[in-house]
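Chemist: no letters, just coordinates:
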């Protein structure tokens, strides 16, 4: 082929090539940096308790103190997306951990949690550290590398104790190497090169890192040691609005039902005489994403559709639906035009996370064939290797043939910020 018969340049392909090249350059600029200089605790500060931290032979040594609550040596800098590595050795009698994307309560705070099938309240004092904790404990507990929600829900977000390989990765009385990778809503851990946690949780996208000395009641002080602590900063993800609070720009309506915007809230309503589903559909299509919104279901059935396609007929779209209702099934997964209920929660489970006639927050994470739904910070549904839909529109639903009244606000999508770095899929 000579120079006069060459095919025209495909501009779209060129843009994609340059974008990918730019992404690679950005990742190459990310370098490992020490979080601990081996000599001082510069850049760190103690929070919550009064356990002791000192430096011995290039190692941070944390020592329990009688009567001290959980204590944390925390970075002064906040981190969003990152890769973290460290080595740790802990007395088998002592529980420990490393906080990631964590915070402190600025004032005394009451948290509603589910325990024993009932909702209960816990009060955390101002100054208390809370957030994701990468567990460090004894070989016997089989829990190291799991992720615990410290001083918030107080539950395992990812329990590795029943994983045959992960539960045996940690070894007593020796140095253990941990690796933690946080990108967007993905948090993954390794212990001694063994994969452990693989969590999708959108609650916190940034925060400090903290080394924990747990409260301790032993006769003699116990110790935990850290060394070779280093981090690769990968920028951060931020929430960007899909609803401007004033108009329905970026969305279009499929009748029936009625949609209005009032005081920063989308209000949807339908009457039982209208058999059509009312739908507010995103103009854009999405494949992999994390979306969150606040909703209040006053009456009738609603839902957040995703990976949905328009169809003829009264239902309007076929696709996945994260269920919203004034009384039941909230947080379940339903597939219209497909399998119907994919994950249907029990009434007892719904009672743990749903606040009737009040504002609730829902988040949906869809990455390739993994889908996770959260309501008010609690995981309500998960598909790990789903063979269903991979792309489509978002949509808010008003169920047909019912009296429906539902409200939505704070509709956002998780994305890299303009200064953040593009990363590979996780």
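Modeler: Everything's here; your move. None of the values given here were measured: they were computed from a predicted structure.

Chemist: identify each buried residue in stretch 84-97, please.
Modeler: In terms of neighbour count (16 or more other Cβ atoms under 10 Å), stretch 84-97 has its buried residues at 84-91, 94-97. Bear in mind the C-beta positions are built from the backbone N, C-alpha and C, glycine included.

Chemist: turn the residues you listed into JSON lines, columns for distance to residue 71, pLDDT and secondary structure.
Modeler: As requested, these are arranged in JSON lines below (distance: Cβ to Cβ, whole Å; pLDDT from 0 to 100; DSSP: H, G, I helix; E, B strand; the rest coil):
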{"residue": "84", "distance to residue 71": "20", "pLDDT": "98", "secondary structure": "strand"}
{"residue": "85", "distance to residue 71": "23", "pLDDT": "98", "secondary structure": "strand"}
{"residue": "86", "distance to residue 71": "18", "pLDDT": "98", "secondary structure": "strand"}
{"residue": "87", "distance to residue 71": "20", "pLDDT": "98", "secondary structure": "strand"}
{"residue": "88", "distance to residue 71": "16", "pLDDT": "98", "secondary structure": "strand"}
{"residue": "89", "distance to residue 71": "18", "pLDDT": "98", "secondary structure": "strand"}
{"residue": "90", "distance to residue 71": "14", "pLDDT": "98", "secondary structure": "strand"}
{"residue": "91", "distance to residue 71": "15", "pLDDT": "97", "secondary structure": "coil"}
{"residue": "94", "distance to residue 71": "12", "pLDDT": "96", "secondary structure": "coil"}
{"residue": "95", "distance to residue 71": "12", "pLDDT": "94", "secondary structure": "coil"}
{"residue": "96", "distance to residue 71": "10", "pLDDT": "97", "secondary structure": "strand"}
{"residue": "97", "distance to residue 71": "11", "pLDDT": "98", "secondary structure": "strand"}
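
Chemist: quick one: the spatially closest residue to residue 330 that is not a sequence neighbour and residue 323, what's the gap?
Modeler: Closest residue in space to residue 330, ignoring its immediate chain neighbours: residue 354 at 4.5 Å, by Cβ to Cβ, 6 or more residues apart in numbering. Here the criterion is Cβ to Cβ, to the nearest Å. By it, residue 354 lies 10 Å from residue 323.

Chemist: same thing with residue 254?
Modeler: Shown here: residue 254 relative to residue 323, a distance of 19 Å by Cβ to Cβ.

Chemist: cool, residue 84 as well?
Modeler: As judged by Cβ to Cβ, residue 84 and residue 323 stand 36 Å apart.

Chemist: quick one: the strands in the stretch 1-150 of the chain?
Modeler: Taking DSSP state E, counting those that start in this stretch to define them, one finds strands in the stretch 1-150 of the chain at 32-34, 44-47, 52-56, 59-63, 71-75, 82-90, 96-104, 109-115, 118-124, 129-136, 147-150.

Chemist: show me what contacts the residue nearest to residue 330?
Modeler: Listed by Cβ atoms under 8 Å, 6 or more residues apart in numbering, the contact set of residue 354 reads 330-331, 360, 375-376.

Chemist: partner strands of the longest strand anywhere in the chain and their direction?
Modeler: Assignment by DSSP state E gives strand 404-416 as the longest strand of the chain. For strand 404-416, sheet partners with direction are given as strand 237-241 (antiparallel), strand 265-270 (antiparallel), strand 289-299 (antiparallel), following DSSP bridges.

Chemist: give me the contacts around the second one.
Modeler: Applying Cβ under 8 Å, 6+ apart, the contact partners of strand 265-270 are 243, 248, 256-261, 278, 280, 300, 302, 396, 398-400, 402-409, 411.

Chemist: try 6 Å this time
Modeler: The list of residues contacting strand 265-270 from outside it, by Cβ atoms under 6 Å, 6 or more residues apart in numbering, reads 257-260, 278, 398, 404-409.

Chemist: repeat for the shortest one
Modeler: Applying Cβ under 6 Å, 6+ apart, the contact partners of strand 237-241 are 184, 205, 412-417.

Chemist: so what's the gap between it and the chain middle?
Modeler: Shown here is strand 237-241, whose average C-alpha point lies 13 Å from the average C-alpha point of the whole chain (Cα atoms, centre = their mean, to the nearest Å).

Chemist: give me the common contacts of residue 354 and residue 323.
Modeler: Counting by Cβ under 6 Å, 6+ apart, the residues touching both residue 354 and residue 323 are residue 330.
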